[in-house]
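Q: Got a predicted model here, sequence first, then my questions.
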Amino acid sequence: MPGPILERFLSTDEMLAVFEPRAFVQAMLDVEAALASAEAAEGVIPAAAATPIALACDASTYDLDALAAEGARAGSLAIPLVKRLTAAVQAKDPAAAAWVHWGGTSQDVLDTAMAVCTMRAYALLDAALERLTGSALDLAERHLATPALARTLMQPAQVVSFGFKLVAWAGPLVRGRERLARAAREALQLQLGGAVGTSGTLGAAPAVARRMAEALGLAPAPGPWHTQRDAWVALGCEVGLLCGTLGKIGIDVALLSQGEIGEVAEPSGEGRGGSSAMPHKRNPVAAMIARAAAVRAPQRVAALLAAMPQAQERALGEWQAELAEWPGLWISAHGAASALADAIAGLEVDTARMRANIDALQGLVFAEALTAAFAREIGKPRAHALVEQLSRRVLADRRSLREAALEALAADPALRDGLGADALDALFDIDAAARRAGEVARPQLAALRRSFSSPLTR
């Protein structure tokens, strides 16, 4: 199976396979085959040379460990690969060997191969995001009016709805997916510039580039981008932003899954979320993977940004560092998106526990609403002081804020005449508070649905 074992643990075999050594070398060889085919079609090299070159572009016939070792000495993986490819063609067709890698340069091969691999990575990531976003939107729709606690600074705050919370998860997912599509469209382009970007020895470069781009499934670039890394790094930054979004969902799921809260749980199954020492545990493993991605991504994005000032027409060190950091972003992001897509699709929502957690707070989550109602009758300073005093009494006596407020109403004619018991009861209506939050979320949810349903511009 592809990838180091601890990397596999936090990602997916599908994404690891995209960037595993043989797949990347095969992408490099696909670039060489596409170059030869396009040049032959445009009369740049003899037509008879293209087929022998393409037949030798099979990564399974190359010693990857030897390539890596030689690449470290040469300063580029492309140099020993082109050397070995030329030797392989020479063995079958000496005349064709002279046309291997004609007019290309190492960076053309490496950048284009990475773009080809990234195109595949993007397709995997987008599919996982589509699943996750659809599940989050569906869940939000079902729970628009389900009462739940909002928590600020990790403490209970007010009553909202669980759907309101879910819209806050779905919004960044929808927007992030759209931004990722735009960034991919701008970044996933062919690289073909020759030694310094002028395609000096190539001849018919624009026509060759168009044919190559079509064969490889990439967009043709307006020119070489050897040291113009803005669009490429912008794509990496979008993946980093996405990891932050996934990490936010992960930490919320983890907190809501804690035994003391118990409002949601990831899907259960044999071997999922268990403990080697404590049989009772049910760990939120998807949340864990998402948080791990959010921890790892910022350093990789920082490395991409640090590598952007690339000297003149080819970088010394910066470009090479960028290439090495690039796969890790996609590997982390896909692991997180896939894990959360599974978790949110089967998320267990305990609505009774959500209400019980609200009830356990003795009505204190309505203190702000009570203060506002009192303030209309007795002024804000006095109302704030009174509700603060009532809240302390509630905590000390283990009673409800509603009961204490009713007593305050009975004791103060200004409050009693202006507010009344029925109006006071309405302030403590849990379902009404959830419905209000749901109505705030509803137009956002509808807009997100429309965006999500619209075809992505790739």
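A: Structure received.

Q: Could you tell me which residues make contact with A426?
A: The neighbourhood of A426, defined by CB atoms under 8 Å, 6 or more residues apart in numbering, consists of A432. C-betas here are computed from N, CA, C, even on glycine.

Q: Apart from its neighbours in sequence, what residue is nearest the residue nearest the centre of the chain?
A: Centroid-nearest residue in the chain: L242, 3.1 Å away (criterion: CA atoms, centre = their mean). In space, L242 comes closest to G176 once its chain neighbours are excluded; the distance is 4.8 Å by CB to CB, 6 or more residues apart in numbering.

Q: what's in contact with stretch 372-383?
A: So stretch 372-383 is in contact with T371, H384, L386, V387, D412, A414, L415, G418, L419, A423, L424, L427, going by CB under 8 Å, 6+ apart.

Q: which one of those has the most neighbours?
A: In terms of neighbour count, V387 stands highest of the contacts of stretch 372-383 at 25 neighbours, by other CB atoms under 10 Å.

Q: hang on, the earlier thing: out of the contacts of stretch 372-383, give me the two with the largest separation.
A: By the measure CB to CB, the contacts of stretch 372-383 have their two most distant members at H384 and A423, which lie 18.9 Å apart.

Q: hang on, the earlier thing: quick one: what helix or strand has the residue nearest to L242 in it?
A: helix 162-187 (DSSP states H and E).

Q: Following the chain past that helix, name the next helix or strand.
A: That would be, after helix 162-187 and using DSSP H and E, helix 205-216.

Q: Give me the average confidence score over the helix or strand just after that following helix.
A: Downstream of helix 205-216, the next assigned helix or strand under DSSP H and E is helix 230-257. Average pLDDT, helix 230-257: 98.

Q: so helix 230-257 versus helix 162-187, what angle?
A: 160 degrees (axes from the mean of the first three to the mean of the last three CA atoms, to 10 degrees).

Q: what comes up buried for helix 230-257?
A: 231-243, 245-250, 252-257 (16 or more other CB atoms under 10 Å).

Q: next one: stretch 285-304
A: For stretch 285-304, burial by neighbour count (16+ other CB under 10 Å) applies to 285-294, 296-297, 300-301, 303-304.

Q: distance of the residue of the chain most remote from its centre from I378?
A: Centroid-distance maximum for the chain: P413 at 57.4 Å, with CA atoms, centre = their mean. Distance of P413 to I378, given as CB to CB, to the nearest Å: 11 Å.

Q: residues contacting W169?
A: If you count contacts by CB under 8 Å, 6+ apart, W169 has them with A136, A140, K248, I249, D252.

Q: just checking, the third one touches P172?
A: Yes. Taking CB atoms under 8 Å as the contact criterion, K248 and P172 are neighbours in contact, 7.3 Å apart.

Q: Show me what the biggest helix by length in the chain is packed against.
A: Assignment by DSSP state H gives helix 106-142 as the longest helix of the chain. Applying 3 or more CB pairs under 8 Å, 6 or more residues apart in numbering; DSSP states H and E, we find helix 106-142 packed against helix 13-19, helix 21-41, helix 78-92, helix 162-187, helix 205-216, helix 230-257, helix 318-345, helix 430-453.
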